[in-house]
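# I'd like to go over a predicted model; first the sequence, then the structure.
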Amino acid sequence: MFHNYFFLKRLAPELEKELLGLSLLECFSQNKDELILTFGSSTREFHIRANLDPNVSLLSFPEEFARAGKNSVDLFPKLLDKTVRQVSVFQYERSFKIDFGDEALIFKMHSRRANILHSRNNDVINIFRKNLSADIEISPTDLNKDIEISQEQFIAAKHNPIELIPALGKEIKVHLEQAEFHNQPDQNKWSLFALLLQQLDDNPIFLHEGPSISLVKLSDEKTQSAIAAANWLYNKTVRSFYFEKEKSDGINKLKQRIKKSENYLSKTKSKLHQVENARSPEEIANILMANLNSLQTGLSKTVLHDFYTDQPIEIKLNRELSPQKNAENLYRKSKNRHQEIDALKENIDAKENLIEKLSRQILHIQDIDGTKELRKYLKDHGLIQKEKVKLDNLPYHEFEVDGWQILLGRNAKANDELTLKVANKNDLWLHAKDVAGSHVVVKQRPGQNFPNYIIEKAAALAAANSKRKSDTLCPVIYTQKKFVRKMKGSPAGQVIVEKEEVMMVEPSSI
């Protein structure tokens, strides 16, 4: 009912009573699609908050409003200090204006296309929501609708109130349906419509737990004040809309994490099956060692008897190495294979536990019914969207995995800045072992240990951004940043690491 001529017809005289003789002191925005106006004199102030978010699009009139210290912008500056002369509604239109003489602010309350226009001498010279560019072409006097309300016109409109007066509002449509208006004989419809028009002018404003407000009775709660009704609707709608939106956003983030975790789980199980069922490098090394006397350096491959299967086997060799060195490499790969299998199993367990934990968090969020509790829970669990900082000169690329922040140094000089200036002492630090590459930092989350699969993700990223990026497996060292230091005069990116651990990973980007 808010976006309705009959309600604005009530609101305009109330606003005129409050604003007449006051000057526009401030006009600014500090949130997208929201405009704040402060009118005042030496003795009092009056505030208008216009939230024109397409999903909300409402007005409220708070008793006081504190402007934020930053991230606000002044708007319609040419209207500042001008005095309000009149507040009036456009005839049969969902718009009203605050008149300053030759200039005015027009509140076009067209639901999803609501906007505020600055006009001068019947020309729109500026608009609030710039994406509604067609509004600059509006002629304010044309907003008045010349509608004749008579029985003849009602009959011409085929006894349809909605066709005669557009945008009566969904509450009126509900009221007409409940009264079975369209099932009445035509001779009765005009009398019922005339009664409806009188009710729209004379009824109190009913407050309905939709939330909505109406000039026809949909509930027992009511008020005579259009300003009070607008405030009630705004508070109810905004609280409900943004609360449900924040809750939905949090749940969707968790569902995205579950989906990523399930994809990771599927790939990891597949890889574990592949590794476990692949031929053991140790067996091939044993075959080589049993035939050392018949082999020589310089071979790229050889065919030997496989005493495990009693069949011939072709074995690829590194021609630069002796047969014994080739066997040693295979033994080392076998040892790494055992480590890889253990790591894969550990990661599978961690992901299954994570999916269970995320599912419990979804159920918990669904049960929260207070905004303060919800925001604290979302913040504590890393579910609040951070503003993206658009700075090209940051020394690192930033990634996020299940709420964990992973930073990757851009180059050698940036590695120093990331490690020595950005990272905190308890953050996790990683680097490909014994080769040049990017520093990687995983930011600590208070009270939480670094999950093994997060360490593996960060290690794979370090490997993929190193000289070992083409290796099948790459050793990556990791430790807390407090065990990383730099010698004075050492080259950019070069550090000394103490108390490190080593993880074998397949190089991979996030």
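Noted; the coordinates are in hand. Numbering: from 1, shown residues only.
# pLDDT below threshold where in the stretch 151-300 of the chain?
Scanning the stretch 151-300 of the chain for pLDDT under 70 picks out the ranges 167, 218.
# quick one, strands of it?
Under the criterion DSSP state E, counting those that start in this stretch, strands of the stretch 151-300 of the chain are mapped to 205-208, 212-214, 222-223.
# cool, the stretch 351-500 of the chain as well?
396-401, 404-409, 428-432, 440-442, 474-480, 484-485, 496-497.
# out of those, which is the most enclosed?
Greatest average neighbour count among the strands of the stretch 351-500 of the chain goes to strand 440-442 (a mean of 28), per mean count of other C-beta atoms under 10 Å. Where you see a C-beta, it was placed from the backbone N, CA and C, and this is true even at glycine.
# helices of the stretch 51-200 of the chain, start to end?
151-156, 161-164, 170-178, 186-202 (DSSP state H, counting those that start in this stretch).
# mind putting these into CSV with distance to Val87?
Shown next, in CSV, are the helices of the stretch 51-200 of the chain (distance: least, C-beta to C-beta, whole Å):
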stretch, distance to Val87
helix 151-156, 29
helix 161-164, 27
helix 170-178, 24
helix 186-202, 18
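# helices of the stretch 401-510 of the chain, start to end?
412-417, 452-464.
# can you put the ones you listed in CSV and add mean pLDDT and distance to Leu80?
Output for those, formatted as CSV (pLDDT from 0 to 100; distance: least, C-beta to C-beta, whole Å):
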stretch, mean pLDDT, distance to Leu80
helix 412-417, 93, 45
helix 452-464, 94, 53
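# out of the ones you listed, flag the one nearest Ser300.
helix 452-464 (27.2 Å; C-beta to C-beta).
# what sits up against the closest one?
264, 343, 346-347, 350-351, 354, 399, 401-402, 404, 406, 408, 428, 430-432, 437-440, 442, 469, 471, 474, 476, 478, 503, 505-510 (C-beta atoms under 8 Å, 6 or more residues apart in numbering).
# send me that helix as CSV with only the CA atoms.
The C-alpha trace of helix 452-464 is given here as CSV (Å, rounded to 0.1, in the frame of the first residue of the first chain):
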residue,chain,number,x,y,z
ASN,A,452,45.9,-30.7,6.8
TYR,A,453,43.9,-30.3,3.5
ILE,A,454,44.4,-26.5,3.7
ILE,A,455,48.1,-27.0,4.2
GLU,A,456,48.1,-29.3,1.2
LYS,A,457,46.2,-26.7,-0.9
ALA,A,458,48.7,-24.0,0.0
ALA,A,459,51.6,-26.4,-0.6
ALA,A,460,50.3,-27.3,-4.0
LEU,A,461,50.0,-23.6,-4.8
ALA,A,462,53.6,-23.0,-3.7
ALA,A,463,54.8,-25.9,-5.8
ALA,A,464,52.8,-24.7,-8.9
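# surely Phe39 meets Gly21?
No - between Phe39 and Gly21 there is no contact under C-beta atoms under 8 Å: 9.4 Å.
# re the thing from before, of the helices of the stretch 401-510 of the chain, which stretch is the most buried?
Of all these, helix 452-464 carries the top mean neighbour count, a mean of 24, counting by mean count of other C-beta under 10 Å.
# now that helix, how far from the centre of its chain.
Its chain's C-alpha centre and that of helix 452-464 lie 26 Å apart, by C-alpha atoms, centre = their mean, to the nearest Å.
# and the angle from it to strand 404-409?
10 degrees (axes from the mean of the first three to the mean of the last three C-alpha atoms, to 10 degrees).
# what's the lengthiest strand in the chain packed up against?
If you go by DSSP state E, the chain has its longest strand at strand 23-31. If contacts are counted by 3 or more C-beta pairs under 8 Å, 6 or more residues apart in numbering; DSSP states H and E, strand 23-31 sits against strand 34-40, strand 73-74.
# 10 Å - rerun?
Identification of packing neighbours for strand 23-31 by 3 or more C-beta pairs under 10 Å, 6 or more residues apart in numbering; DSSP states H and E yields strand 34-40, strand 45-51, strand 73-74.
# redo those as TSV? Include distance to Glu320.
Converted to TSV, these look like this (distance: least, C-beta to C-beta, whole Å):
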stretch	distance to Glu320
strand 34-40	70
strand 45-51	72
strand 73-74	67
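# now render those as TSV, adding distance to Asp201, mean pLDDT and mean neighbour count.
TSV is the format used below for those (distance: least, C-beta to C-beta, whole Å; pLDDT from 0 to 100; neighbours: other C-beta atoms under 10 Å):
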stretch	distance to Asp201	mean pLDDT	mean neighbour count
strand 34-40	28	96	20
strand 45-51	24	96	19
strand 73-74	39	94	8
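# and these: which comes nearest Glu177?
Closest of the helices and strands packed on strand 23-31 to Glu177 is strand 45-51, at 29.7 Å (criterion: C-beta to C-beta).
# counting contacts, what elements does the closest one pack onto?
helix 5-19, strand 23-31, strand 34-40, strand 58-60, strand 103-108, strand 115-120, helix 226-277.
# before we move on, back to that, if you compare the strands of the stretch 151-300 of the chain, which one is most tucked away?
Among the strands of the stretch 151-300 of the chain, strand 212-214 has the highest mean neighbour count (mean count of other C-beta under 10 Å), at a mean of 24.
# so what touches it?
By C-beta atoms under 10 Å, 6 or more residues apart in numbering, the list of residues contacting strand 212-214 from outside reads 1-2, 4, 7, 169-172, 174-175, 200, 203, 205-208, 218-219, 221-223, 226, 229-230, 232-233, 236-237.
# next up, the contacts around the nearest residue to Leu197 once chain neighbours are set aside.
Excluding the flanking residues, the one nearest Leu197 by C-beta to C-beta, 6 or more residues apart in numbering is Ile149, at 6.9 Å. Ile149 is in contact with 92, 161, 164-165, 193-194, 197, counting by C-beta under 10 Å, 6+ apart.
# rerun at 8 Å
For Ile149, the contact set (C-beta under 8 Å, 6+ apart) comprises 164-165, 197.
# likewise His110?
3, 94-95.
# can we see that at 6 Å?
His110 makes contact with Arg94, according to C-beta atoms under 6 Å, 6 or more residues apart in numbering.
# now it: how far from Asn144?
Going from His110 to Asn144 by C-beta to C-beta, to the nearest Å gives 15 Å.
# for Ser191, same thing?
From Ser191 to Asn144 the distance is 28 Å (C-beta to C-beta).
# and what of Tyr234?
To Asn144, Tyr234 is 27 Å away according to C-beta to C-beta.
# which one's more surrounded, the two?
Higher neighbour count among Tyr234 and Asn144: Tyr234, with 20 against 13, using other C-beta atoms under 10 Å.
# quick check: that one touching Leu58?
Yes - using C-beta atoms under 6 Å, Tyr234 is in contact with Leu58, at 4.8 Å.
# buried residues of stretch 286-301, list them for me.
286-289, 295 (16 or more other C-beta atoms under 10 Å).
# what's the answer for stretch 62-81, then?
75-76, 79.
# render the CA-only coordinates of that stretch in PDB, please.
C-alpha atoms of stretch 62-81 as PDB (Å, rounded to 0.1, in the frame of the first residue of the first chain):
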ATOM      1  CA  PRO A  62      13.900   8.600  12.100                       C
ATOM      2  CA  GLU A  63      14.000  10.900  15.100                       C
ATOM      3  CA  GLU A  64      17.700  11.200  14.800                       C
ATOM      4  CA  PHE A  65      20.400  10.000  12.400                       C
ATOM      5  CA  ALA A  66      24.200   9.900  12.800                       C
ATOM      6  CA  ARG A  67      26.200  10.300   9.700                       C
ATOM      7  CA  ALA A  68      29.100   7.800   9.300                       C
ATOM      8  CA  GLY A  69      32.600   9.300   9.600                       C
ATOM      9  CA  LYS A  70      33.600   7.900   6.200                       C
ATOM     10  CA  ASN A  71      32.200   6.400   3.000                       C
ATOM     11  CA  SER A  72      29.400   9.000   2.600                       C
ATOM     12  CA  VAL A  73      28.900  11.300  -0.300                       C
ATOM     13  CA  ASP A  74      27.000  14.600  -0.500                       C
ATOM     14  CA  LEU A  75      24.200  14.800  -3.100                       C
ATOM     15  CA  PHE A  76      21.900  17.500  -4.600                       C
ATOM     16  CA  PRO A  77      24.300  20.300  -3.200                       C
ATOM     17  CA  LYS A  78      22.400  23.100  -5.000                       C
ATOM     18  CA  LEU A  79      19.400  22.500  -2.800                       C
ATOM     19  CA  LEU A  80      21.300  22.900   0.500                       C
ATOM     20  CA  ASP A  81      20.000  25.800   2.700                       C
END
